[in-house]
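Participant: Sequence first, then the predicted structure, then my questions.
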Amino acid sequence: MSEKIPRNVVSVDVEDYFHAEVFSDVVDRGRWDSYATRVVPNTQRLLESLAALNVHGTFFVLGWVAERFPGLVREIAAGGHELACHSYWHRLIYKLEPAEFREDTRRAKNVIEQIAGQAVNGYRAPTYSVIDRSVWALEILAELGFTYDSSIFPIHHDRYGMPGAPRSPFRFQTPSGPLTEFPITTFRVAGHNMPVGGGGYLRLLPRIYTRLGLKRVRKEGLPIVVYIHPWEIDAEQPRLPGRLSSRLRHYTNLSQTLDRFESVLQAGKYTSFRESGLAETAKDFDFYEWNNNHKN
């Protein structure tokens with residue numbers, strides 16, 4: 001019997017270079033409108049790339065971006081891609097009160113839906129900030145009408161991560177209904193989950209690391225979730241001040257990212273969350289009971 005090919009997903013977190021969390025200590029959100037924006041042409045480059053590869057993806061759009069560039073939202077939808085939500089203000093969930101999160105998310109969802117004239121069913125947290133102490137946010141997502149989330153990264157990291165979370169799609173019940181979770185892709189090495197195939201991991205780590213990591217994921221039969229930010233393909237973006245570690249993390253290999261991204265997509269079959277059918281493969285899981293038993 002031939003190995004079943006998983007339905008892999010390509011996703012884009014639509015935000016600008018000055019929205020990145022690594023610069024949140026030097027960039028005032030109240031002054032975002034004063035920065036030279038580059039999100040439209042960078043996102044259009046990704047749309048052109050996906051069109052050339054005949055691939056549809058899921059675009060998690062920041063509400064702030066959608067409100068200022070409604071034409072970009074319509075262009076994404078016109079390309080056959082799925083629109084989803086990436087919050088409004090790009091704030092870490094675990095630094096918000098539930099009421100703040102609810103209002104931010106409702107505002108972003110409404111903006112995108114009104115522009116596109118279609119339902120927004122998916123959410124991805126800024127900087128994957130659904131962690132042990134912010135898992136309450138998932139109930140609010142279900143309350144607001146989301147059917148799935150892709151915010152849990154099963155790794156150790158200095159700003160995010162739930163290393164003990166399931167690595168394959170799972171579904172759990174909330175008081176407001178079911179919610180399906182699509183964790184970000186990891187592979188196993190010596191009993192540890194290793195990130196692969198998206199964002200800084202795609203951009204900063206050697207290509208051979210990405211190839212071998214994705215090969216292991218495919219061998220396990222798990223779906224691959226690739227993600228990218230439009231600013232990651234823009235080597236000419238303005239340089240912001242900040243800590244050396246932040247600047248190295250943000251600016252390294254920008255000129256190589258698009259090629260690496262396309263190479264990953266050419267090596268497999270990718271689509272959007274909406275078209276993937278992955279929700280049908282999700283295992284029912286008592287996530288809240290698990291979380292209560294595994295908090296640090």
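Facilitator: The structure has been received and is ready for your questions.

Participant: Following element in sequence after the biggest strand by length in the chain, please.
Facilitator: In the chain, with assignment by DSSP state E, the single longest strand is strand 8-14. Later in the chain than strand 8-14, the nearest helix or strand by DSSP states H and E is helix 39-52.

Participant: List of residues touching the helix or strand that that next one is followed by?
Facilitator: Later in the chain than helix 39-52, the nearest helix or strand by DSSP H and E is strand 58-61. Strand 58-61 is contacted from outside by 9-14, 43, 73, 76, 81-86, 108, 112, 122-124, 150, 272-274, using CB atoms under 8 Å, 6 or more residues apart in numbering. Heads up, the C-betas are built off the backbone N, CA and C, glycines and all.

Participant: Now, those that are in strands?
Facilitator: Val9, Val10, Ser11, Val12, Asp13, Val14, Glu82, Leu83, Ala84, Cys85, Gly122, Tyr123.

Participant: count of residues packed around the fourth one?
Facilitator: When neighbours are counted by other CB atoms under 10 Å, Val12 registers 26.

Participant: ok so, going back, partners of the longest strand of the chain in the sheet?
Facilitator: Counting by DSSP bridges, the strands paired with strand 8-14 are strand 58-61 (parallel), strand 225-228 (parallel), strand 270-271 (parallel).

Participant: Can you say which of the ones you listed is packed in most?
Facilitator: Greatest average neighbour count among the strands paired with strand 8-14 goes to strand 58-61 (a mean of 29), per mean count of other CB atoms under 10 Å.

Participant: tell me how far it is from the chain's mean position?
Facilitator: Relative to its parent chain, strand 58-61 has a centroid offset of 8 Å by CA atoms, centre = their mean, to the nearest Å.

Participant: Return it as PDB; C-alpha atoms alone will do.
Facilitator: The C-alpha trace of strand 58-61 is given here as PDB (Å, rounded to 0.1, in the frame of the first residue of the first chain):
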ATOM      1  CA  THR A  58      -4.500  30.900   4.100                       C
ATOM      2  CA  PHE A  59      -3.700  34.500   4.700                       C
ATOM      3  CA  PHE A  60      -3.900  35.500   8.400                       C
ATOM      4  CA  VAL A  61      -4.400  39.300   8.000                       C
END
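
Participant: Could you identify the helix or strand that succeeds it?
Facilitator: Assignment by DSSP H and E places the next element after strand 58-61 at helix 63-68.

Participant: what comes up buried for that next one?
Facilitator: For helix 63-68, a neighbour-count test (16 or more other CB atoms under 10 Å) marks Gly63, Trp64, Val65, Ala66, Glu67, Arg68 as buried.

Participant: Likewise for stretch 151-164?
Facilitator: Quick answer for stretch 151-164 (16+ other CB under 10 Å): Ser151, Ile152, Phe153, Pro154, Ile155, Tyr160, Gly161, Met162.

Participant: among those residues, which two are most distant?
Facilitator: Greatest spatial distance in the buried residues of stretch 151-164: Ser151 and Ile155, 13.0 Å, computed using CB to CB.

Participant: Quick one: mean pLDDT over the longest strand of the chain.
Facilitator: On average, the pLDDT along strand 8-14 is 98.

Participant: For that strand, what is the distance to the chain centroid?
Facilitator: Per CA atoms, centre = their mean, the centroid offset for strand 8-14 relative to its chain is 6 Å.

Participant: now stretch 214-226
Facilitator: Relative to its chain's centre, stretch 214-226 lies at 17 Å (CA atoms, centre = their mean).

Participant: and if you look at stretch 231-247?
Facilitator: 19 Å.

Participant: Tell me which residues are up against it.
Facilitator: Contacts for stretch 231-247 (CB under 8 Å, 6+ apart): 15-18, 20, 22-23, 25-27, 35-36, 38-39, 42, 45-46, 199, 203, 250-251, 254-255, 257-258, 261.

Participant: That's all I had, so thanks and see you.
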